[in-house]
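> From the sequence below, what's the structure:
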Amino acid sequence: MKDLTQGKPLKVILLFAIPLFIGQLFQQFYSLVDTRIVGSVLGDDALASVGATTTLSDMLVGLLNGFTNGCAIIIATFYGAKDDKKMKKAMAGTILMGVAFSTCISALCLLFLNPILNLLNVSADLRPNASAYISILLAGLLTATLYNVCAAILRAIGDTVTPLIFLIISSGLNIGLDILFVKYIGMGVKGAALATVISQALSALLCFVYMRMRYPELKLCREDFKAGKEIYSKMLSTGSSMAFMVAFVNMGTLALQTSINTFDNNIIVAHTGARKATSIFMLPFSVMGNTLATYCGQNLGAGKYERIKKGIFQTLLLTFVWCFGVALTAFFAGGQIVHLITASTEKEVLDTAALYLRINTSLYCVPATICLFRNAMQGFGDNKTPVFSSSLELIGKVLIAFFLAPAIGYMGIIVAEPIVWCIMVIPLIVNMLRNPIIRQCKNSGSAA
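Coordinates of the predicted model:
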């Protein structure tokens with residue numbers, strides 16, 4: 001267990017974040033392996049089929065992950081307050097609600113899969129592979145949720161190393177299964193999806209077993225699952241807020257995907273490659289954001305408000321340095337990066353993806369601010385502002401998908417996110433500066 005209420009803020013944040021960063025890097029890595037193997041073994045058309053539905057699976061996993069991370073903030077708050085009884089009840093509630101929600105979402109999406117694919121504008125030639133790929137991921141959604149629940153609980157008590165170890169193991173398995181299923185057995189895109197689900201199931205199982213062995217004090221009993229109205233209310237409020245925040249972001253991206261799927265396959269492949277690169281470039285944003293949510297939750301429980309302010313703004317400055325490096329990398333090597341990801345040699349694919357990366361990365365300081373501020377706000381109890389900001393992103397992307405993209409083509413997709421970022425950051429900055437915790441922390445006398 002790691003106490004984030006002691007020590008220099010930036011140091012404890014970095015020590016907490018580094019294993020989390022490596023873990024998420026491995027998650028991105030085996031997602032890239034799927035893309036690379038599908039592109040190199042099955043070709044651009046199969047990769048376009050996968051890319052046409054990847055946004056949907058990302059949205060659903062992000063929704064459930066956001067909910068469990070939100071519940072983990074409550075766990076972290078009780079941990080910071082040294083209230084073990086309520087902490088265990090919050091853990092039990094996170095498990096129950098995570099399993100229930102993921103099961104319901106999987107069932108509903110599989111039941112209405114064809115209408116969903118119609119809404120995504122998945123073309124007839126891509127439909128068979130797209131349907132096969134996403135069906136397996138939807139059926140295995142519970143495995144991803146179980147891992148995220150275990151990882152969220154461990155992060156709430158300060159352990160980010162254990163989830164990393166199990167992700168490394170499952171990543172190696174995923175790569176091996178990808179090669180086996182796609183290249184040698186010939187299962188096509190189904191093999192890539194099945195490899196992902198199996199590796200997620202393994203990481204969830206290992207994480208659960210380790211928790212029971214390493215932390216016997218966290219072992220739950222039947223009474224812990226009777227958390228009571230007060231705790232469940234807090235968890236539903238914070239978990240739903242985080243879930244909606246993530247869902248609005250991904251729903252906006254999904255709206256853009258409906259327009260992207262109307263372009264030719266080269267554009268779809270270019271966008272798939274560019275988005276994969278973007279997911280790596282933006283990885284520190286989500287890592288530091290999740291870290292701040294736990295950090296702020298623990299320090300809120302301990303009543304150390306000055307530490308909250310210091311941690312937020314020191315992390316923000318560090319993240320800006322990363323943004324500058326990424327912008328330089330994308331400007332000079334955007335096309336080469338996309339080639340490594342997709343294995344495509346089509347000039348249109350590489351040039352289009354490189355243009356996307358150059359324009360978007362030039363404004364990365366804005367989404368960095370967005371990600372850090374809205375997660376920090378969730379951590380110290382402001383559940384409304386992050387959701388409002390994310391709703392602006394959804395509205396903006398929907399409007400662009402239906403009006404700007406048809407008018408000016410793929411360039412409308414490229415400029416969509418920078419435009420929306422500059423709008424949605426405004427309420428976050430305003431409310432961060434006005435928040436009572438930030439304004440009153442100078443008088444708290446708890447800066448240690």
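> Summarise which helices and strands the one helix or strand residue 118 maps to is packed against.
For residue 118, the element it lies in under DSSP states H and E is helix 113-119. Judged by 3 or more C-beta pairs under 8 Å, 6 or more residues apart in numbering; DSSP states H and E, helix 113-119 is in contact with helix 127-139. Glycine gets a C-beta too; all of them are placed from N, C-alpha and C.
> So what touches the helix it packs on?
With contacts defined as C-beta atoms under 8 Å, 6 or more residues apart in numbering, helix 127-139 is touched by 45-46, 49-50, 52-53, 56-57, 60, 106, 109-110, 113-114, 117, 122, 188-190, 192-194, 196-197.
> Same question for stretch 268-282.
25, 28, 31-32, 35, 39, 44, 47-48, 50-52, 54, 260-261, 326, 329-330, 334, 337-338, 341-342, 344, 346, 348-350, 352-353, 356-357, 360-361, 364, 367, 371, 410, 413.
> Please repeat the previous calculation with a cut-off of 6 Å.
Stretch 268-282 is contacted by residues 28, 32, 35, 44, 47-48, 51, 260, 326, 337-338, 341-342, 344, 349, 352-353, 356-357 when judged by C-beta atoms under 6 Å, 6 or more residues apart in numbering.
> on that earlier part again, for ChimeraX, write the select line for the buried members of the contacts of helix 127-139.
Burial among the contacts of helix 127-139 is assessed by 16 or more other C-beta atoms under 10 Å; the matching ChimeraX selection reads:
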select :46,49,50,52,53,56,57,60,106,109,113,117,122,188,189,190,192,193,194,196,197
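> Quick one, grab the pLDDT at residue 363.
We have a pLDDT of 94 for residue 363.
> Same question for residue 3.
We have a pLDDT of 68 for residue 3.
> One more: residue 320?
Predicted confidence (pLDDT) for residue 320: 95.
> now do residue 32
Looking at residue 32, its pLDDT stands at 69.
> Please narrow the contacts of helix 127-139 to those residing in helices.
Among these, the ones falling in helices (DSSP state H) are 45-46, 49-50, 52-53, 56-57, 60, 106, 109-110, 113-114, 117, 189-190, 192-194, 196-197.
> Excluding its own residues, what touches the helix holding residue 118? List them.
Contacts of helix 113-119 (C-beta under 6 Å, 6+ apart): none.
> now could you export just the CA positions of stretch 294-312 as CSV?
C-alpha atoms of stretch 294-312 as CSV (Å, rounded to 0.1, in the frame of the first residue of the first chain):
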residue,chain,number,x,y,z
THR,A,294,-6.3,8.9,-6.6
TYR,A,295,-3.8,11.5,-5.2
CYS,A,296,-6.6,14.1,-4.7
GLY,A,297,-8.9,11.5,-3.2
GLN,A,298,-6.4,10.4,-0.6
ASN,A,299,-5.4,13.9,0.3
LEU,A,300,-9.1,15.0,0.4
GLY,A,301,-9.7,12.2,2.9
ALA,A,302,-6.7,13.4,5.0
GLY,A,303,-7.7,17.1,4.7
LYS,A,304,-4.5,18.1,3.1
TYR,A,305,-5.7,20.7,0.6
GLU,A,306,-2.5,22.5,-0.1
ARG,A,307,-1.0,19.2,-1.3
ILE,A,308,-3.8,18.9,-3.8
LYS,A,309,-3.0,22.3,-5.3
LYS,A,310,0.7,21.7,-5.5
GLY,A,311,0.3,18.3,-7.0
ILE,A,312,-2.1,19.5,-9.8
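> Please point out which parts of that stretch sit buried.
294-302, 304-312.
> so how far is stretch 357-375 from its chain's centroid?
Distance of stretch 357-375 from its chain centroid, counting by C-alpha atoms, centre = their mean, to the nearest Å, is 14 Å.
> From start to finish, how long is that stretch in a straight line?
25 Å (C-alpha to C-alpha, to the nearest Å).
> Same question for it: list its buried residues.
By neighbour count on 16+ other C-beta under 10 Å, the buried set for stretch 357-375 is 357-358, 360-361, 363-375.
> Check stretch 276-289 too.
Under 16+ other C-beta under 10 Å, the buried positions of stretch 276-289 are 276-289.
> what residue ranges in the stretch 1-150 of the chain score low on pLDDT?
The stretch 1-150 of the chain contains residues with pLDDT under 70 at 1-3, 30-32, 34.
> Apply 90 and report the result again.
Scanning the stretch 1-150 of the chain for pLDDT under 90 picks out 1-99, 101, 113-114, 116-134, 140-141, 143-150.
> and if you look at the stretch 151-300 of the chain?
Residue ranges of the stretch 151-300 of the chain with pLDDT under 90: 151-179, 181-196, 199-273, 275-277, 279-280, 283, 286-287, 289-300.
> swap the cut-off to 50 and go again
Across the stretch 151-300 of the chain, nothing is flagged by pLDDT under 50.
> what ranges do the strands span in it?
For the stretch 151-300 of the chain, no strands are identified by DSSP state E, counting those that start in this stretch.
> Helices along that one, start to end?
Counting by DSSP state H, counting those that start in this stretch, the segments of the stretch 151-300 of the chain that form helices are 161-178, 189-214, 229-260, 265-281, 283-302.
> The ones you listed into CSV, with extra columns for distance to residue 8?
What follows is these, written out as CSV (distance: least, C-beta to C-beta, whole Å):
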stretch, distance to residue 8
helix 161-178, 20
helix 189-214, 27
helix 229-260, 27
helix 265-281, 28
helix 283-302, 12
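> and the closest residue to residue 174 other than its chain neighbours, what is it in contact with?
Ranked by C-beta to C-beta, 6 or more residues apart in numbering and with sequence neighbours excluded, the top spatial neighbour of residue 174 is residue 199, at 3.7 Å. Taking C-beta under 6 Å, 6+ apart as the criterion, residue 199 is in contact with 170, 173, 174.
> do residue 327 as well
By C-beta under 6 Å, 6+ apart, the neighbours of residue 327 are 361, 362.
> Just the buried residues of the helix or strand hosting it, please?
Taking DSSP H and E as the criterion, residue 327 maps to helix 305-342. Buried residues in helix 305-342, counted by 16+ other C-beta under 10 Å: 305-316, 318-319, 322-323, 326-327, 329-330, 334-335, 337-339, 341-342.
> Stretch 208-221 now?
Within stretch 208-221, the residues scored as buried using 16+ other C-beta under 10 Å are 208, 210, 211, 218.
> want to throw these into TSV with distance to residue 418?
Shown next, in TSV, are the buried residues of stretch 208-221 (distance: C-beta to C-beta, whole Å):
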residue	distance to residue 418
208	41
210	42
211	41
218	43
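> Closest one to residue 74 out of those, please.
Nearest to residue 74 out of the buried residues of stretch 208-221 is residue 218 (C-beta to C-beta; 15.0 Å).
> Just give the closest residue to residue 212, not the sequence neighbours.
The spatial neighbour of residue 212 that comes closest, neighbours along the chain excluded (C-beta to C-beta, 6+ apart), is residue 219 at 6.2 Å.
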